[in-house]
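Participant: okay, here's the prediction I keep looking at, along with the sequence it came from:
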Amino acid sequence: MLRRRLTAPMLFGALAMTALATPAAADPIGILADVLATYNVVTFGDLGSAANPYSSDSQGPVAVGGNAYLQDFTVAGITNNGVNALTVAGNLNQLRAQDGGNVFVGGNADFHDGTQGGATVLGTLTVNGALINAPTQYQGPRLTGTDPINFSTLQTNLTAASAMLATGTGGTLGTVVYQDQWNQKELDLNGSNPTLDIFNISAGLLDQIGGVQPDYSDGGGSFQINIPTGATAIINVAGTTVNFGHPGNFGFFCNGVTCSESGADDILFNFYQATSLSIQSVFGSILAPYADITYTNGQVDGTVIANSIGGPLYRTGEFHDDFFTGDPPDFATSNVPAPNALAIMLIGLIGLMSFSRRRFTV
């Protein structure tokens with residue numbers, strides 16, 4: 001993955017460094033890459049609802065910008081990646097669950113009492129609002145503190161990243177072929193770039209391969225991803241209302257064979273227009289910054305970024321820790337301006353003989 005790092009100027013005194021310090025512009029793609037490599041679930045709004053608490057598991061960390069309603073839900077069951085296992089900006093209602101690390105709640109928290117099953121936090125507990133019922137286990141004492149995530153800024157950056165990816169630049173545009181043989185629908189994505197292949201498809205095509213009849217009378221479907229081993233696939237999906245893999249008679253294949261879960265870390269679906277997205281099992285990560293996702297059963301092998309996520313109680317899907325480690329396009333050139341005249345004057349005043357302009361290296 002491309003990582004830009006700042007190379008510090010040589011021979012600068014502390015005063016010169018302060019004079020030259022200018023905040024760099026935001027890097028939405030870099031921020032997206034970091035989020036995809038760290039979190040299993042990110043929502044800007046709610047996860048679950050009071051009527052239908054979310055009732056499945058996440059193998060990695062979860063970050064919720066609204067309220068979280070969780071029941072029989074294990075968070076960060078395999079890894080917390082060095083961040084909070086669960087971060088909730090609003091209120092948390094969690095019953096019969098385990099959090100695999102620290103928990104932060106910006107509002108009120110109710111873990112229910114032991115007679116109902118309670119919840120276990122394998123780390124510290126930070127609750128800025130009322131702690132209605134404490135977990136049955138956590139590393140005390142209960143703390144308060146600043147929200148570690150600015151969800152408003154994060155939403156701005158991830159929405160910008162989605163729009164940038166949707167331009168289809170930075171890689172090689174692959175071909176998309178739809179087939180319907182003997183009532184078996186198939187969507188073939190064929191790319192040849194060994195680094196980055198980009199595909200543009202419509203919500204209508206996803207509807208076709210998933211089928212629409214609950215009894216599968218209109219056949220099943222398959223999603224074929226054919227790209228060089230180790231290449232990254234960015235799959236842009238146009239449309240505001242999207243059904244992906246519904247009602248479930250659906251399979252993923254990579255280069256002609258069933259996809260292995262470990263290969264999902266190079267696949268990213270970008271639902272850059274979707275406001276309503278219905279999914280079941282998905283091979284790869286999902287970026288859907290505007291979408292209210294209904295997730296009914298199955299597993300997502302990757303990260304899901306959405307406005308909100310919900311589904312029927314005990315019929316919601318799992319999130320597996322196949323974090324995206326592919327190579328998204330690097331849209332930025334240099335976000336750091338040249339030193340201004342005042343800074344140069346200050347350098348001269350403190351007697352430095354030369355200066356080096358700040359630069360980014362790839």
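Facilitator: Good, I have the coordinates. Treat the numbers as computed from the prediction; the structure is a model and nothing was measured. Numbers count the residues shown, from 1 in each chain.

Participant: quick check, N297 in contact with G317.
Facilitator: Yes - N297 is in contact with G317 according to Cβ atoms under 8 Å; the separation is 5.5 Å. For every residue, glycine as well, the C-beta is placed using N, CA and C.

Participant: of the two, which one has the most company?
Facilitator: Legend: neighbour count by other Cβ atoms under 10 Å for N297 and G317, higher for G317 (22 against 18).

Participant: for stretch 265-285, which positions count as buried?
Facilitator: Neighbour counts over stretch 265-285 (16 or more other Cβ atoms under 10 Å) mark 265-274, 276-285 as buried.

Participant: please apply the same query to stretch 168-187.
Facilitator: 170-171, 174, 176, 185-187.

Participant: right, and out of those, which lies closest to I227?
Facilitator: Closest approach to I227 among those (Cβ to Cβ): G174, at 7.3 Å.

Participant: next one: phi and psi at that closest one?
Facilitator: G174 adopts backbone torsions of phi -90, psi 180, taken as degrees, to the nearest 10.

Participant: show me the contacts for it.
Facilitator: By Cβ atoms under 8 Å, 6 or more residues apart in numbering, the contact list for G174 reads 189-193, 197-199, 227, 233.

Participant: 6 Å - rerun?
Facilitator: 189-191, 197, 199 (Cβ atoms under 6 Å, 6 or more residues apart in numbering).

Participant: so which of these wins on neighbours?
Facilitator: D197 (25 neighbours).

Participant: which residue sits closest to that residue, ignoring its sequence neighbours?
Facilitator: Nearest in space to D197, with sequence neighbours left out and distances taken as Cβ to Cβ, 6 or more residues apart in numbering, is G191 at 2.8 Å.

Participant: I'd say that neighbour and I198 touch.
Facilitator: No - applying Cβ atoms under 6 Å as the test, G191 and I198 come out as separate, 7.8 Å apart.

Participant: about what we covered before: put together a markdown table for the contacts of G174, with pLDDT on each row.
Facilitator: Shown next, in a markdown table, are the contacts of G174 (pLDDT from 0 to 100):
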| residue | pLDDT |
| --- | --- |
| L189 | 93 |
| N190 | 94 |
| G191 | 95 |
| D197 | 94 |
| F199 | 95 |
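
Participant: got the contact list for the helix or strand hosting L36?
Facilitator: Secondary structure assignment for L36, by DSSP states H and E: helix 28-38. With contact meaning Cβ under 6 Å, 6+ apart, helix 28-38 is reached by 1, 81, 157-158, 160-161, 285, 303, 323-324, 328, 331.
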